[in-house]
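Enquirer: sequence and predicted model, in that order:
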Amino acid sequence: MALEENETSPALYLLTGEWQDFTFPVQSKSQILCEMTGGDGDADLYLRFGNFPNVTAAIYDCIAAGSTSVERCTVENRGNASIVYLTVTAYSRLTDVYVTCRSSELPEYVKLIDGISSEPLGLEQGENRIFFLDVENTESVVCETAGDNGDADLYTSTDVVPDFIKGIYDCESATETSYEECVVADLNSTSVIYVMVNAYVTFSDLVVTCSSRTQTTSTPIPLESGIPSEIFSLRGGQGQIFQMELTTFMGAILCIVHAENGDADLYVRLGSEPDLNLGQYDCASETTESDEQCEVYQTVNSSTTVYAIVMAFSTFDNATLSCSPVVTTNEGKTNEAPGSGPAGSPSGPASPGTSNDDIKTSSNDESTSSSDDGTKLSSDDTKISTPKDDIKSSSDDDIKKSSNDDTERVSSNDDNVPVALEQEHSPSISKASDQTLHTLYYASLKLMVVGMLISFAASNDIFT
């Protein structure tokens, strides 16, 4: 079936596995877009120059095989072909599917400038655009797309135009977003990098950037710890190396670069210069912004040299770099000398057998005071009193202090009043209490002996 420019085909009704062929006349140096619309089921679309597509053998110049019957395919006639051949296949039974083709002037390849982003680009699903970058004496090139909508895929190749249908490319980046990145390495002294951006899903306002990267050979600029470098700017692909000397240090070193615009990347290595081509560095920070930071670690206490390379993925201005040691304790806090804690805290470690909770600071209204014999008084002036002259018998039942409970308790539900004077919390008070008990015990023994002697004397008339 022959199609004409912008002519819609009759409605297609195909059973699963059936197909319909079309032809469409084209002009040389033109771009052809064919699309299917409407209908139910799942139809797939194939285009090819020179002959009808061979679906079974996967011979075609474009394929659109989504899960519906809405498909788009774009091909470029850069030769002298006069006809493009189409095949529509029914992956599942379909009804009311229509095919339309249109041609347009072949767009020129878009030239990129090293490190400079392209003009914003928008493409419909199935369309693509070709960019190229002339490079010379460059070791590698990094190309990226950046967009916040749709789904753009990126393909790059050296000295030949990419063709993702035929698998002709050096690098493919095809995530589900429009942020893609490809690295092209092993370049000749002079090369042309071709970049294809394909719209897997329609997108708008996308930019393309390619930047050459050459290992910097500039003389390292000295840095002083914690002091930012002088302001510097770099074009895309350029780099600058810095170095900072450290003596007798062990721990973390933090390097930070900040620039006003563009895209700066940071690479840090201890002891020797980073080698970007071989991936030899201790830390790399490569976001799409120009605020980067790297933290590296000196694991032995010795002198070292910190090397930092700032690379311009894209041109940036007014940048500064600073590096400095990070001195922290194991808990991530600043070290403090012994006895230099916050106000109100003890100036040194607690004595053995006591915890920090046992060491209290007194207020203006002291909660305890001391009696003449060293026995402490509670806040309600309850004393540990000694017995008077009414001393009872010295039997064990009369002494209420057991070996498991050496305390004299004062009942209270108020946490501010000492409820118990326990040995484990108040050893000095317990000791005083023990001494009192011993005194009472021996005094009662003495009185008992004296009483026995008096009784014996009286019974024997010793005093008469």
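Expert: Structure's in. What do you need? What you see is a predicted model; the values in this text were computed from it and never measured.

Enquirer: how close does the nearest residue to residue 110 once chain neighbours are set aside sit to residue 15?
Expert: Excluding its sequence neighbours, the residue lying closest to residue 110 (CB to CB, 6 or more residues apart in numbering) is residue 131, at 4.6 Å. Every C-beta, even on glycine, is put in place using the N, C-alpha and C of the backbone. Distance of residue 131 to residue 15, computed by CB to CB, to the nearest Å: 43 Å.

Enquirer: these two: which is more packed in?
Expert: The residue with more neighbours, out of residue 131 and residue 15, is residue 131; 20 against 10, by other CB atoms under 10 Å.

Enquirer: show me the beta-bridge partners of the more buried one.
Expert: Bridge pairing for residue 131 (DSSP bridges) gives the partners residue 110, residue 195.

Enquirer: that one and residue 61, how far apart?
Expert: Residue 131 sits 20 Å away from residue 61, going by CB to CB.

Enquirer: surely the residue nearest to residue 110 and residue 192 touch.
Expert: No. Applying CB atoms under 8 Å, one finds residue 131 not in contact with residue 192, separated by 10.7 Å.

Enquirer: average pLDDT across the helix or strand hosting residue 135?
Expert: Using DSSP states H and E, residue 135 maps to strand 128-136. In this model, strand 128-136 carries a mean pLDDT of 89.

Enquirer: again with stretch 185-198
Expert: Stretch 185-198 shows a mean pLDDT of 80.

Enquirer: now do the SS call for residue 447.
Expert: Of the three states, residue 447 takes helix according to DSSP: H, G, I helix; E, B strand; the rest coil.

Enquirer: from residue 13, how far out is it?
Expert: Going from residue 447 to residue 13 by CB to CB gives 126 Å.

Enquirer: who are the contact partners of the residue nearest to residue 110?
Expert: Listed by CB atoms under 8 Å, 6 or more residues apart in numbering, the contact partners of residue 131 are 109-112, 118, 194-197, 208, 210.

Enquirer: list the contacts of residue 252.
Expert: For residue 252, the contact set (CB under 8 Å, 6+ apart) comprises 295-298, 325-326, 328.

Enquirer: just residue 257 next, same as before
Expert: Contacts for residue 257 (CB under 8 Å, 6+ apart) come out as 264, 266, 290-293, 308, 310, 319-321.

Enquirer: could you redo the last one with a cut-off of 10 Å?
Expert: Neighbouring residues of residue 257 by CB atoms under 10 Å, 6 or more residues apart in numbering: 228-229, 232, 242, 264-266, 285, 290-294, 308, 310, 316, 319-323.

Enquirer: next helix or strand past the helix or strand hosting it?
Expert: Secondary-structure assignment from DSSP H and E places residue 257 in strand 239-258. For strand 239-258, the succeeding helix or strand toward the C-terminus, using DSSP H and E, is strand 263-270.

Enquirer: show me what that following strand is packed against.
Expert: Where contact means 3 or more CB pairs under 10 Å, 6 or more residues apart in numbering; DSSP states H and E, strand 263-270 is packed against strand 140-146, strand 203-213, strand 239-258, strand 283-285, strand 291-314, strand 316-326.

Enquirer: distance to residue 126 and mean pLDDT for these - can I get that in a markdown table?
Expert: As requested, those are arranged in a markdown table below (distance: least, CB to CB, whole Å; pLDDT from 0 to 100):
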| stretch | distance to residue 126 | mean pLDDT |
| --- | --- | --- |
| strand 140-146 | 17 | 87 |
| strand 203-213 | 12 | 90 |
| strand 239-258 | 39 | 92 |
| strand 283-285 | 37 | 94 |
| strand 291-314 | 29 | 91 |
| strand 316-326 | 36 | 92 |
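
Enquirer: closest one to residue 179 among the ones you listed?
Expert: Ranking the helices and strands packed on strand 263-270 by proximity to residue 179 (CB to CB) places strand 140-146 first, at 5.9 Å.

Enquirer: CA atoms of the closest one as PDB?
Expert: Provided in PDB are the C-alpha atoms of strand 140-146 (Å, rounded to 0.1, in the frame of the first residue of the first chain):
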ATOM      1  CA  SER A 140      39.100  11.500  26.900                       C
ATOM      2  CA  VAL A 141      35.800  13.300  26.400                       C
ATOM      3  CA  VAL A 142      32.800  13.200  28.700                       C
ATOM      4  CA  CYS A 143      29.400  14.000  27.200                       C
ATOM      5  CA  GLU A 144      26.200  14.400  29.200                       C
ATOM      6  CA  THR A 145      22.600  15.400  28.800                       C
ATOM      7  CA  ALA A 146      20.600  17.300  31.400                       C
END
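
Enquirer: what pairs with that strand, parallel or antiparallel?
Expert: The strands beside strand 140-146 in its sheet (DSSP bridges) come out as strand 180-185 (antiparallel), strand 203-213 (antiparallel).

Enquirer: any idea how far residue 212 lies from residue 183?
Expert: Distance of residue 212 to residue 183, computed by CB to CB: 11 Å.

Enquirer: before we move on, what about residue 225?
Expert: From residue 225 to residue 183 the distance is 34 Å (CB to CB).

Enquirer: returning to what we had before: buried stuff in the strand holding residue 135?
Expert: For strand 128-136, burial by neighbour count (16 or more other CB atoms under 10 Å) applies to 128-133, 135.

Enquirer: between all of those residues, which two are separated the most?
Expert: Distance extremes for the buried residues of strand 128-136: the farthest pair is 128 and 135 at 21.9 Å, using CB to CB.

Enquirer: tell me the contacts of residue 43?
Expert: Each residue near residue 43 by CB under 10 Å, 6+ apart is listed here: 12, 14, 19-20, 36, 64-66, 68-71, 88-94, 97, 99.

Enquirer: could you measure from the closest residue to it other than its chain neighbours over to residue 46?
Expert: Once flanking residues are discounted, residue 43 sits nearest to residue 69: 4.1 Å by CB to CB, 6+ apart. From residue 69 across to residue 46, the span is 14 Å (CB to CB).

Enquirer: and the closest residue to residue 152 other than its chain neighbours, what element?
Expert: Among residues not flanking residue 152 along the chain, residue 178 sits closest, at 4.2 Å (CB to CB, 6+ apart). Assigned by DSSP H and E, residue 178 belongs to neither a helix nor a strand.

Enquirer: tell me the confidence at residue 178?
Expert: Reading off the confidence values, residue 178 has pLDDT 94.

Enquirer: how close does it sit to residue 64?
Expert: 19 Å.

Enquirer: pick out whichever of those two has more residues nearby.
Expert: Comparing residue 178 with residue 64 by other CB under 10 Å, the one with more neighbours is residue 178, at 24 against 19.

Enquirer: domains in this protein, by residue range?
Expert: 12-105, 110-213, 221-326, 374-464 (automatic domain parsing).

Enquirer: output the strand holding residue 257 in CSV, but only the C-alpha positions, please.
Expert: Output of strand 239-258 as CSV, limited to C-alpha atoms (Å, rounded to 0.1, in the frame of the first residue of the first chain):
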residue,chain,number,x,y,z
GLY,A,239,42.5,21.4,35.3
GLN,A,240,44.6,22.8,38.1
ILE,A,241,46.6,21.0,40.7
PHE,A,242,47.2,22.1,44.3
GLN,A,243,49.3,20.7,47.1
MET,A,244,49.4,21.1,50.9
GLU,A,245,52.1,19.9,53.2
LEU,A,246,51.2,18.3,56.6
THR,A,247,53.7,17.3,59.3
THR,A,248,53.1,14.6,61.9
PHE,A,249,49.3,14.2,61.4
MET,A,250,46.9,11.3,61.6
GLY,A,251,43.2,11.6,60.8
ALA,A,252,40.8,13.1,58.2
ILE,A,253,41.6,15.9,55.8
LEU,A,254,38.7,17.8,54.1
CYS,A,255,39.0,19.6,50.8
ILE,A,256,36.2,21.9,49.5
VAL,A,257,35.9,23.7,46.2
HIS,A,258,33.3,26.3,45.4
